[in-house]
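1. Model the following, please.
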Amino acid sequence: MEENSSGDIMENAPLRNLRQVAWFERTMDASIGALHLTDDRLFAGDWAGTILCWNLEGEELWRVQTNDRVSGFDSGGTNLYAVCGRDIVCIDFDLGEIQWSVELEGSSDLVACTSDGSTVLTTSSVFDIEVNDFMESTCWRFDSTGTLLRRDTLGERPWFIEIRDDGCGHLALGRPRCGMVRVDMEGLHWYPLPSQSPTTCGLTDPDHIVIGHVDGTLTCIDSGFVLEEGQFPKQPGSIRSLDSTPNGLVISVSMDPGNKIESLARAYDWDGHLRWQMETNSGRKFEHVIDGPDLNENPSVWLMSWNGKLSEIAVRAEIDGNPEVRFESNSRVNTCISNAEYIAIGFHDGNLTIVQGELLNRRLSADEDEEKSHRSDLAAKLRALRG
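-> Prediction:
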């Protein structure tokens, strides 16, 4: 398979100011820990336990205060579910009122609910400082009123969760067993995956589930069946993040220590053919890769990296990897989320930036026209001097 490498993230793409192309910006009191985007709402939670809701015109609709750091969301029906410190919290989607809150054992980690919000699964884990690892985890099942339906204990921490509308869920596990657990009203049912390596991340969309592993394997689950040999090749490092795109998959890979390449970002079609890749070095690592709004009538992917001092957001054409634009920030990107029209980026310093596709295209076109005009003016001045 021939690889088309576009080089280091710092090259090629024109640098623009993110604030100048933003649809709207907001600032929270603490680092942003989680984002959730629907067709007409954006939710954000920070490390101080504050949750805010805006409509997509930027108007604040409500805010609530929870007990601790917000680390994840899901929504179904009229409920927004959030994991906050040790708690799972249910909030009325429209009114912004806390309906119920339950304290879990250990720290709350993952949350997923059915599309009608009638059933919610959440996980919590206990970390042992002496052994520097997770001792055990618990999977909790609640109904929409906060009634505990069942709880089950695992010897591993799950790193990915999904739930179907029939209430059956799946957890992808870390050490020692690894593999996958099916979660239903009868309890937990473990089964192995093709890779015995721990899970790092995962994604689910209407057609695919893809699980990333420490050893670089990408496990594919289609129509409920685990593919023994998925379409995507094994990667040369641990899978850091991944997202589905209109035409395939985009992933980031953390390379082993000592490798001259720090990390990779790669784009594949759904048949597993590599379209292009980017590389980083000198301490810079890709931490988030995500599908973005169309640019110049082509789908885009956003690649977010950090070198300890500066964030770099590189926007590339999904199909051929051509550079579209890049942005910089002195703050680290903590989390990001997108749909077909918007992309929201939450930073460590509490800043939240929302970009809308149509406005982004207009602003970038205006910048390009202004730059061309400036170059034309300079050329005219040089001709006048020479004449």
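
2. gap between Asp40 and Val111?
-> 21 Å (C-beta to C-beta, to the nearest Å). For every residue, glycine as well, the C-beta is placed using N, CA and C.

3. higher neighbour count, the two?
-> Higher neighbour count among Asp40 and Val111: Val111, with 23 against 8, using other C-beta atoms under 10 Å.

4. List the contacts of that one.
-> Neighbour list for Val111: Gly72, Phe73, Asp74, Tyr81, Ala82, Val83, Ile88, Val120, Leu121, Thr122, Thr123, Ile161 [criterion: C-beta atoms under 8 Å, 6 or more residues apart in numbering].

5. wait, doesn't the second one sit right on Leu35?
-> Same thing as Phe73. Yes: using C-beta atoms under 8 Å, Phe73 is in contact with Leu35, at 7.4 Å.

6. So for the two, which residues contact both of them?
-> Phe43, Gly45.

7. Can you identify each of the strands in the stretch 251-387 of the chain by residue range?
-> Using DSSP state E, counting those that start in this stretch, the strands of the stretch 251-387 of the chain run over residues 263-269, 274-280, 285-295, 298-306, 311-317, 323-329, 333-338, 342-347, 351-356.

8. closest one to Val214 among these?
-> strand 263-269 (14.4 Å; C-beta to C-beta).

9. Taking their axis directions, the closest one and strand 274-280 sit at what angle?
-> 170 degrees (axes from the mean of the first three to the mean of the last three C-alpha atoms, to 10 degrees).

10. Sheet partners, orientation included, of strand 263-269?
-> strand 248-254 (antiparallel), strand 274-280 (antiparallel) (DSSP bridges).

11. Ok, which of these comes nearest Ile51?
-> Nearest of the strands paired with strand 263-269 (C-beta to C-beta): strand 248-254, 27.8 Å.

12. on that earlier part again, need the winner for burial among the strands paired with strand 263-269.
-> Among these, strand 248-254 has the highest mean neighbour count (mean count of other C-beta atoms under 10 Å), at a mean of 24.

13. So which bits of stretch 281-301 are buried?
-> 281, 284-295, 299-301 (16 or more other C-beta atoms under 10 Å).

14. I'd like to know the average pLDDT value across it.
-> The average pLDDT within stretch 281-301 is 94.

15. is it possible to export the strands paired with strand 263-269 to JSON lines including distance to Asn12?
-> Listed next are the strands paired with strand 263-269 as JSON lines, based on distance: least, C-beta to C-beta, whole Å:
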{"stretch": "strand 248-254", "distance to Asn12": "17"}
{"stretch": "strand 274-280", "distance to Asn12": "9"}
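
16. Endpoint to endpoint, stretch 178-193 covers what distance?
-> Start-to-end span of stretch 178-193 (C-alpha to C-alpha, to the nearest Å) is 8 Å.

17. Show me the contact partners of it.
-> With C-beta under 8 Å, 6+ apart as the criterion, stretch 178-193 contacts 121, 139, 141, 149-150, 152, 154, 156, 158, 163, 167-173, 177, 195-199, 211, 219, 226.

18. Which members of those occur in strands, if any?
-> Using DSSP state E, the subset of the contacts of stretch 178-193 located in strands is 121, 139, 141, 149-150, 152, 154, 158, 163, 169-173, 199, 211, 219, 226.

19. Which members of those residues come out as buried by neighbour count?
-> Among those, the ones that count as buried by 16+ other C-beta under 10 Å are 121, 139, 141, 154, 158, 163, 169-173, 199, 211, 219, 226.

20. Leu242: which of the residues you listed is nearest?
-> Nearest to Leu242 among those: Ile211, at 9.1 Å, using C-beta to C-beta.

21. Sweet, I'm off.
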